[in-house]
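Q: model the structure of this input:
(chains A and B)
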2 protein chains.
Amino acid sequence: MSKNIEALEEILGYKFKNQKLIIEALTHKSHKQPYDNERLEFLGDAVLDLIVGEYLFFKFASSDEGTLSKIRAALVNEDGFERLARSINLGEYIYLSNAEENNGGREKASLLSNAFEAMIGAIYLESGLDIVKPIAIGIIERNYQEISLDSLFRDYKTTLQELTQARFGETPEYIVVASRGPDHKKEFEVAVIIEGKEYARAIGKSKKIAQQEAAEMAVKILKGDV
Amino acid sequence: MSKNIEALEEILGYKFKNQKLIIEALTHKSHKQPYDNERLEFLGDAVLDLIVGEYLFFKFASSDEGTLSKIRAALVNEDGFERLARSINLGEYIYLSNAEENNGGREKASLLSNAFEAMIGAIYLESGLDIVKPIAIGIIERNYQEISLDSLFRDYKTTLQELTQARFGETPEYIVVASRGPDHKKEFEVAVIIEGKEYARAIGKSKKIAQQEAAEMAVKILKGDV
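A: Numbers count the residues shown, from 1 in each chain, chains lettered A, B, ... in the order given. The predicted model follows:
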């Protein structure tokens, strides 16, 4: 059973105007109804892209569009939205079939992320961009201590450490295998070692950047994404 | 030399408030200035995604999100924005270097598309979504007689015919190479032949759909995109 929507409204600081709309936004397609949240997810996805894009546009007024795209890509994706959805306990409000419920549906990244997008789409539809914007930004800012290329990358080192501790009971080791170039244009090549085995290598303008990129690759390898 | 912005304002039915902003939106990076239109393009791209997404959401109130995504993808891309940019003669207003000018820069799809996105980003920034939305939708509706999955696909057959007539002096031929399945669930496999040579094959629920998909593939092959 889904929880009463009022608790969600309190967390969001927003009162839904159209009950049918928010119920649609929270309805997974497994919950056999004439509606589900996929259309609202389509809309909400674009709303979030714009909100995050504009937020970064102003926050990083001197960053080029390549950097902005990179930061946005780190925020606007299934993992990112799952994190935001969890932070407002959104899983508790999703309508889904018993089968999907028993299958751990409320905990699935895709269901959580889609419901989050659909909820944002619903608020946009009934109240417009100016209302949904501070709600979305508020949730994002509460979830990221710092939004920057550096800190979003640093997340990969944290993620990798959590992964290796759970799986191997140890922390990854980073080794500078090479440094090249003149002082003002130095490049570092870093390898990440877990249990004595090299998992990935990356080159960056600083050791930190190279470590973070190597960690990202290692995370993907360990998760079986590559 | 770029044309006076007033003519553009007349075509758009919109008066720019911030001259610096619209100049930035029309400045290609080749035009050595402390600014160029890449950041505004980043923003405008997201603005257009939302505007088109919302437009389709309402126009196709009973289409699922897969169909909406497909239609949006057919509208929101470099070719689509190039077409919109040309329809308002945007190329004439772009600031670019002499080298890029002599290199046909004003006619390049990427420059036109990027300037269009940046211009939409600039209008959004200074006037908000409610003002930029009807401007963008107006331009789109003037450029597409009909917006539907069917008609946007049909464009590929037209595009292919234009391409093959220009390049080979003949029209493509479509052949049904197979049809399968029971009457209520038939599938057609269609091949597209140009100068006696098969260029692509596609399967669809109708001959028309299969033809259109095959035409799309053939266009990409002829353009060297695949």
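
Q: got the buried residues for the lengthiest helix in chain A?
A: In chain A, taking DSSP state H as the definition, the longest helix is helix A:38-59. For helix A:38-59, a neighbour-count test (16 or more other C-beta atoms under 10 Å in any protein chain shown) marks A:38-57 as buried. To be clear about C-beta, it is placed using only N, CA and C from the backbone, and glycine gets the same treatment.

Q: avg pLDDT for that helix?
A: The average pLDDT within helix A:38-59 is 97.

Q: and the angle from the helix or strand following it to helix B:38-59?
A: For helix A:38-59, the following helix or strand on the C-terminal side (DSSP states H and E) is helix A:65-75. Helix A:65-75 and helix B:38-59 are oriented at 50 degrees to each other (axes from the mean of the first three to the mean of the last three C-alpha atoms, to 10 degrees).

Q: pull out the buried residues from helix A:65-75.
A: In helix A:65-75, counting by 16+ other C-beta under 10 Å, buried: A:65, A:67-68, A:71-72, A:74-75.

Q: looking at those residues, spot the one nearest B:Tyr93.
A: Set against B:Tyr93, the nearest of these by C-beta to C-beta is A:Glu65 (20.5 Å).

Q: wait, what's in contact with the closest one?
A: Counting by C-beta atoms under 8 Å, 6 or more residues apart in numbering or on different chains, A:Glu65 touches B:38-39, B:41-42.

Q: and with 6 Å instead?
A: B:38-39, B:42 (C-beta atoms under 6 Å, 6 or more residues apart in numbering or on different chains).

Q: got any ranges where chain A has weak pLDDT?
A: For chain A, applying pLDDT under 70 flags the ranges A:1-2, A:149-154, A:225-226.

Q: how about the contacts of A:Glu65 in a markdown table, adding distance to chain A?
A: As requested, those are exported to a markdown table (distance: C-beta to the nearest C-beta, whole Å):
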| residue | distance to chain A |
| --- | --- |
| B:Glu38 | 4 |
| B:Arg39 | 5 |
| B:Phe42 | 4 |
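
Q: same list, those, but as TSV with distance to B:Met119 please.
A: Output for the contacts of A:Glu65, formatted as TSV (distance: C-beta to C-beta, whole Å):
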residue	distance to B:Met119
B:Glu38	13
B:Arg39	13
B:Phe42	13
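
Q: mind listing what's buried in the host helix or strand of A:Glu6?
A: Here A:Glu6, judged by DSSP H and E, is contained in helix A:5-12. By 16+ other C-beta under 10 Å, the buried positions in helix A:5-12 come out as A:8, A:12.

Q: chain center to the following helix or strand past that helix: distance?
A: Next along the chain after helix A:5-12, taking DSSP H and E as the criterion, comes helix A:19-25. Relative to its chain's centre, helix A:19-25 lies at 24 Å (C-alpha atoms, centre = their mean, to the nearest Å).

Q: contact partners of the helix or strand hosting A:Gln165?
A: In this assignment (DSSP H and E), A:Gln165 forms part of helix A:149-168. By C-beta under 6 Å, 6+ apart, the residues outside helix A:149-168 that reach it are A:71, A:74, A:171-172, A:194-195, A:212, A:215-216, A:218-219, A:222.

Q: if we can go back for a sec, of the buried residues of helix A:38-59, list those near chain B.
A: Residues of those in contact with chain B (C-beta under 6 Å from any C-beta of the partner chain): A:38-39, A:42-43, A:46, A:49-50, A:53, A:57.

Q: in the helix or strand harbouring A:Glu189, what's buried?
A: According to DSSP H and E, A:Glu189 maps onto strand A:187-194. Residues of strand A:187-194 classed as buried: A:188-192, A:194 (neighbour count, 16+ other C-beta under 10 Å).

Q: close to chain B: what parts of chain A are there?
A: Close to chain B, as judged by C-beta under 6 Å from any C-beta, chain A has residues A:38-39, A:42-43, A:46, A:49-50, A:53, A:57, A:65, A:68, A:129.

Q: name the residue closest to the centre of chain A, please.
A: The residue lying closest to the centre of chain A (C-alpha atoms, centre = their mean) is A:Gly80, at 0.6 Å.

Q: that residue is in what secondary structure piece?
A: Here A:Gly80, judged by DSSP H and E, is contained in helix A:78-87.

Q: which parts of the next helix or strand along the chain from that helix are buried?
A: Once the chain leaves helix A:78-87, the next helix or strand it forms, by DSSP H and E, is helix A:98-102. For helix A:98-102, burial by neighbour count (16+ other C-beta under 10 Å) applies to A:100-101.

Q: name the helices or strands packed onto the very next helix or strand once past helix A:98-102?
A: Scanning forward in sequence from helix A:98-102 by DSSP H and E, the next helix or strand is helix A:109-127. Other helices and strands packing on helix A:109-127, by 3 or more C-beta pairs under 6 Å, 6 or more residues apart in numbering or on different chains; DSSP states H and E, are helix A:19-25, helix A:38-59, helix A:78-87, helix A:129-143.

Q: could you tell me the angle between the helix or strand following the helix holding A:Gln165 and helix A:149-168?
A: Next helix or strand after helix A:149-168 toward the C-terminus (DSSP H and E): strand A:173-180. For strand A:173-180 against helix A:149-168, the angle by the same axes, to 10 degrees is 140 degrees.

Q: strand A:187-194 and strand A:173-180, what's the angle between them?
A: 160 degrees.

Q: only C-alpha atoms, please: export strand A:173-180 in CSV.
A: Only the C-alpha atoms of strand A:173-180 are listed here, as CSV (Å, rounded to 0.1, in the frame of the first residue of the first chain):
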residue,chain,number,x,y,z
GLU,A,173,45.3,2.1,-3.8
TYR,A,174,46.2,4.9,-6.2
ILE,A,175,49.7,4.9,-7.8
VAL,A,176,51.1,7.7,-10.0
VAL,A,177,52.7,5.6,-12.7
ALA,A,178,53.9,8.5,-14.8
SER,A,179,54.1,12.3,-14.9
ARG,A,180,54.8,14.2,-18.1
